[in-house]
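# Predicted model, plus sequence, below.
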Amino acid sequence: MAYEFKLIRRIEFSETDMAGIVHFSNFFRMMESAEHAFFRSLGFSVHPEGATTGWPRVSASCDYLRPLRFEDEVEIHLFVAELRTRSLRYQFVIRKGGEPADAARGSLTVVCATLDPVAGRLVAVPIPEAIRSRLEVAPAELLARPGPLSVQSQPG
């Protein structure tokens with residue numbers, strides 16, 4: 001069973017703003033890319049061909065702590081923070097490669113849903129057992145991280 005996944009990639013020029021820093025919206029794309037790679041690592045897709053179910057987002061957040069720039073290698077760490085009957089909540093930690101300090105921390109809550117053909121709207125459904133059986137919630141110590149404004153004192 002899996003509760004953690006790490007995706008490593010480089011920042012592309014198109015992801016930066018005029019100051020040369022990654023635009024805030026691209027952190028959400030990184031989190032989504034990590035989620036898709038996580039599903040593939042389990043042998044699934046978030047949208048298999050002919051699928052009638054999907055994973056719409058119902059909540060998304062990101063705290064930006066340190067800038068990332070063009071050509072930086074980044075590590076996107078995904079943790080399964082909550083597993084419910086019809087939904088998953090992920091926590092993400094994004095770091096510049098090889099550095100211990102977080103560049104960003106985010107969260108996504110996704111719901112397993114299908115399109116009701118009669119009502120023409122999405123309806124939440126239970127997560128398929130084939131997927132659920134491959135997931136577990138990350139240990140609490142991996143999910144407990146200092147808040148975005150906390151400062152750790154340095155000796156001397």
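Now that the structure is in, tell me what you want to look at. The model shown is predicted, which means the values in this text are computed figures rather than measured ones.
# where do the strands sit along the chain?
Assigned strands in the chain, in chain order: 4-10, 53-54, 57-64, 73-83, 87-96, 102-111, 113-116, 121-124 (criterion: DSSP state E).
# looking at those, which has the lowest confidence?
Comparing mean pLDDT across the strands of the chain, the lowest value falls on strand 53-54: a mean of 86.
# Take the strands of the chain and lay them out in TSV including mean neighbour count.
Every C-beta, even on glycine, is put in place using the N, C-alpha and C of the backbone. Converted to TSV, the strands of the chain look like this (neighbours: other Cβ atoms under 10 Å):
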stretch	mean neighbour count
strand 4-10	15
strand 53-54	16
strand 57-64	14
strand 73-83	19
strand 87-96	20
strand 102-111	20
strand 113-116	14
strand 121-124	12
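# Need the contact partners of the top helix by length along the chain.
Longest helix in the chain by number of residues (criterion: DSSP state H): helix 25-41. With contact meaning Cβ atoms under 8 Å, 6 or more residues apart in numbering, helix 25-41 is reached by 2, 5-7, 9, 15, 45-46, 60, 62, 64, 74, 76-78, 90, 92, 94, 104, 106, 108, 110.
# Centre of the chain to it, how far?
Relative to its parent chain, helix 25-41 has a centroid offset of 6 Å by Cα atoms, centre = their mean, to the nearest Å.
# Send me that helix as CSV with only the CA atoms.
This file holds the C-alpha atoms of helix 25-41, laid out as CSV (Å, rounded to 0.1, in the frame of the first residue of the first chain):
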residue,chain,number,x,y,z
SER,A,25,-0.3,29.0,-10.6
ASN,A,26,2.3,26.6,-11.7
PHE,A,27,2.6,25.1,-8.2
PHE,A,28,-0.9,23.7,-8.7
ARG,A,29,0.2,22.2,-12.0
MET,A,30,3.2,20.6,-10.2
MET,A,31,0.9,19.1,-7.5
GLU,A,32,-1.4,17.8,-10.2
SER,A,33,1.5,16.3,-12.2
ALA,A,34,2.6,14.5,-9.0
GLU,A,35,-0.9,13.1,-8.4
HIS,A,36,-1.0,11.8,-12.0
ALA,A,37,2.4,10.2,-11.7
PHE,A,38,1.4,8.7,-8.3
PHE,A,39,-1.7,7.0,-9.9
ARG,A,40,0.5,5.7,-12.7
SER,A,41,3.0,4.3,-10.2
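# For that helix, give the mean pLDDT please.
Mean pLDDT, helix 25-41: 97.
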